[in-house]
Structure formats: C-alpha cells, structure tokens
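In: give the three-dimensional model of this entry:
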Amino acid sequence: MEDVGARRGLPQPSRVKDKRPAPRQITAEQIVRDARSQQEEIAKPPVSKIADREELAEYQLKKRREFEDLVRRMRWSPGVWTKYAKFEESQQDFERARSVWERALEVDYRNRSMWLKYAEMEMRNRFVNHARNVWDRAVTLLPMIDQFWYVMRWVETAAMCVEPHTTHVCFAQWNAAIESACGQGGFCM
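Out: The predicted structure follows:
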C-alpha cells in the first residue's frame, strides 16, 4: 500500500537510526551565537546631508510625493495624515501643514485626536488666533466632547489679554450646547 504523503510529494519524516548521544553536545546558546556571527549586518541607508536649497527642494518634493501616494492609498488612516502634517510643520511650512490638517478633517471630522493635534500644532508654533479658530470649529461641530471645551477655555484665557470678552462668549457657547443636549437644567446622566 502506497503512502498518501508520498503521492502528494510531501516530505517524509526522517528516521533516526543511531539514538546514542553525540560525542560533542551543542547548546541552543551556541547555535544562536553562531547564527548571529554568520549573519550579515543590516545595511543602513547612508545619512545624507542637505547642502543647498536645491537639494532641500528635491528632498521636500520627494517626501511630499511619498506622502501624497500614502494619502491616496490609505485615505482613512489618521496616522498618515498626522505624519504628513508633522513633516510640513518640521519644514516650517505652516500653510501646507494647515492644508494637510484641513484635508484630513474633510475625510473624518469626527476624529477628536485630529482636531486636538491640529490645534496643538497651532499653539506650539504660537498661532493663537488660528488655534482659537480651530477650537471654535471643533466645539461647533462636536459640541458634546468635553475635552474640546476644557482646552478651548484655556486658549481663551491665554488670549484674554488681547480680547477679554472672548472668554465670556466661549462660556456662553458651552452653556448653550449643554442646555440643548441635556435640557433646560443642564443635567445629563
């Protein structure tokens, strides 16, 4: 009778004929050490230094193409949008960074982390009015996310020296949102 595994071309288990211990024993540590010593080093890409504006422009164009391709393929991934916007911020191109954040919010405006990171980018680079506009849009579109209100309150308080009445306007907006969602008493369970 023919073996089924042999018909299919599967390898047959080998039979051990000599079951005596080997004269020289090898430990697992020795095997791993030998494998590592014979392994080739992973080739790291060379560190390139940008010498002039032309090389910088080429580098930026290459990275932007890569990010645009990623965005095209993985439109719903917030991580891709965030990396792209952070790249533009690192290049000190804030208009492009804002454009990337706005495009990301067009894809998914309900993602609270996108709003938070966008406004944090504006605050980190001392664009207080832009940050206030982002927070205002966030609380208008997503009024029941408390985290937006707390941070917006902080931004309004920080900007109070310029326009003191904006803190009162923010508080009035928050009260209106709570009352519309929870009723006249403002108490939600």
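In: okay, CA-based contacts and neighbour counts for the rest of this
Out: OK.
In: OK, contacts around A119?
Out: Going by Cα atoms under 8 Å, 6 or more residues apart in numbering, A119 touches 130-132, 134-135.
In: just those residues: which are in helices?
Out: If you go by DSSP state H, those have 130-132, 134-135 in helices.
In: which two among the residues you listed are spaced furthest apart?
Out: Largest separation among those by Cα to Cα: H130 and W135, giving 8.7 Å.
In: looking at those two, which is more packed in?
Out: Shown here are H130 and W135; by other Cα atoms under 10 Å, W135 has more neighbours (24 against 16).
In: I figured the more buried one hits F148, correct?
Out: Yes - at 6.8 Å, W135 counts as touching F148 under the criterion of Cα atoms under 8 Å.
In: just want the most central residue of this structure.
Out: Centroid-nearest residue in the chain: G79, 3.0 Å away (criterion: Cα atoms, centre = their mean).
In: what's the separation between that residue and A131?
Out: Separation of G79 from A131 (Cα to Cα, to the nearest Å) stands at 21 Å.
In: now swap in I42 and tell me
Out: Note on I42: its distance to A131, by Cα to Cα, is 44 Å.
In: who has more neighbours, those two?
Out: Neighbour tally, I42 and A131, criterion other Cα under 10 Å: the higher count belongs to A131, 23 against 6.
In: OK, contacts around that one?
Out: A131 neighbours (Cα under 8 Å, 6+ apart): 119-120, 122-123, 155.
In: and the one helix or strand Q147 maps to, what's its mean pLDDT?
Out: Using DSSP states H and E, Q147 sits within helix 146-158. If you average the pLDDT over helix 146-158, you get 65.
In: give me the neighbour count for S113.
Out: When neighbours are defined as other Cα under 10 Å, S113 has 12 of them.
In: for it, which three-state class applies?
Out: Recorded secondary structure, S113: helix (DSSP: H, G, I helix; E, B strand; the rest coil).
In: ok, now how distant is it from Q30?
Out: Separation of S113 from Q30 (Cα to Cα): 49 Å.
In: how about E58?
Out: Distance of E58 to Q30, computed by Cα to Cα: 48 Å.
In: same for the strand or helix carrying the residue nearest to the centre of the chain, what does it pack against?
Out: For G79, the host element (DSSP H and E) is helix 78-90. With contacts defined as 3 or more Cα pairs under 8 Å, 6 or more residues apart in numbering; DSSP states H and E, the packing partners of helix 78-90 are helix 53-73, helix 94-107, helix 112-124.
In: tabulate the ones you listed (JSON lines), appending mean pLDDT and distance to A22.
Out: JSON lines is the format used below for the helices and strands packed on helix 78-90 (pLDDT from 0 to 100; distance: least, Cα to Cα, whole Å):
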{"stretch": "helix 53-73", "mean pLDDT": "94", "distance to A22": "55"}
{"stretch": "helix 94-107", "mean pLDDT": "96", "distance to A22": "64"}
{"stretch": "helix 112-124", "mean pLDDT": "90", "distance to A22": "61"}
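In: nothing else from me, thank you.
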